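Participant: Everything below, folded, please.
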Amino acid sequence: MDEPSAPVAIRLSPSASNTRPSKRIHTDVSLKRWAALTHYIDDGELSIDNNRVENLIRPIALGRKNWLFAGPLRAGQRTATIMSLLHTARLNGRDRYQYLKDVPEGLPTQPDSRLRELLPYCWSPDSTA
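Facilitator: Predicted coordinates:
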């Protein structure tokens, strides 16, 4: 049991329902999920918050808001394709700037049979040379 959190959880537990009426609605919602809310106390591997996940999805959430202004439908589709390629490059450990610079330069001279080599998971900086 997590020592600093346990006393607070006990004080807030369903058995200690001494909340004011104005806060009772929020408390009632929390109490329905009490087991899930306090699971981190019993399992030391769990984090009390989800900041890591929120930080990972922040660019997507911000982008979603900004992409509303991409222009016509085709512009939005092109933006989505480029962003998908860049995120795939990032997930595959590629330098996104180098990828974005290198692939359009090599695309016109790349034979159709070798276009797969330009995908982020196959690409290497010297593959378009």
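Participant: Pull the number of nearby residues for R96.
Facilitator: 14 (other CB atoms under 10 Å). In short, each C-beta sits where N, CA and C put it, glycine included.
Participant: cool, and R58?
Facilitator: R58: 10 neighbours (other CB under 10 Å).
Participant: Okay, and it sits in which element?
Facilitator: helix 51-66 (DSSP states H and E).
Participant: Show the average pLDDT along the next helix or strand after that helix.
Facilitator: Under the assignment DSSP H and E, the closest C-terminal helix or strand after helix 51-66 is helix 73-91. The pLDDT scores in helix 73-91 average 85.
Participant: contact partners of helix 73-91?
Facilitator: 63, 67, 70, 95-96, 99-100, 119-121, 123 (CB atoms under 8 Å, 6 or more residues apart in numbering).
Participant: Format the CA atom coordinates belonging to it as PDB.
Facilitator: C-alpha atoms of helix 73-91 as PDB (Å, rounded to 0.1, in the frame of the first residue of the first chain):
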ATOM      1  CA  LEU A  73     -11.100  18.300 -48.200                       C
ATOM      2  CA  ARG A  74      -8.200  17.300 -50.400                       C
ATOM      3  CA  ALA A  75      -5.900  19.600 -48.500                       C
ATOM      4  CA  GLY A  76      -6.900  17.900 -45.300                       C
ATOM      5  CA  GLN A  77      -6.400  14.500 -46.800                       C
ATOM      6  CA  ARG A  78      -2.900  15.500 -47.900                       C
ATOM      7  CA  THR A  79      -2.100  16.900 -44.500                       C
ATOM      8  CA  ALA A  80      -3.300  13.700 -42.900                       C
ATOM      9  CA  THR A  81      -1.100  11.600 -45.200                       C
ATOM     10  CA  ILE A  82       2.000  13.700 -44.500                       C
ATOM     11  CA  MET A  83       1.400  13.700 -40.800                       C
ATOM     12  CA  SER A  84       0.900   9.900 -40.900                       C
ATOM     13  CA  LEU A  85       4.200   9.500 -42.700                       C
ATOM     14  CA  LEU A  86       6.000  11.800 -40.300                       C
ATOM     15  CA  HIS A  87       4.600  10.000 -37.200                       C
ATOM     16  CA  THR A  88       5.500   6.600 -38.700                       C
ATOM     17  CA  ALA A  89       9.000   7.900 -39.300                       C
ATOM     18  CA  ARG A  90       9.200   9.100 -35.700                       C
ATOM     19  CA  LEU A  91       7.900   5.700 -34.400                       C
END
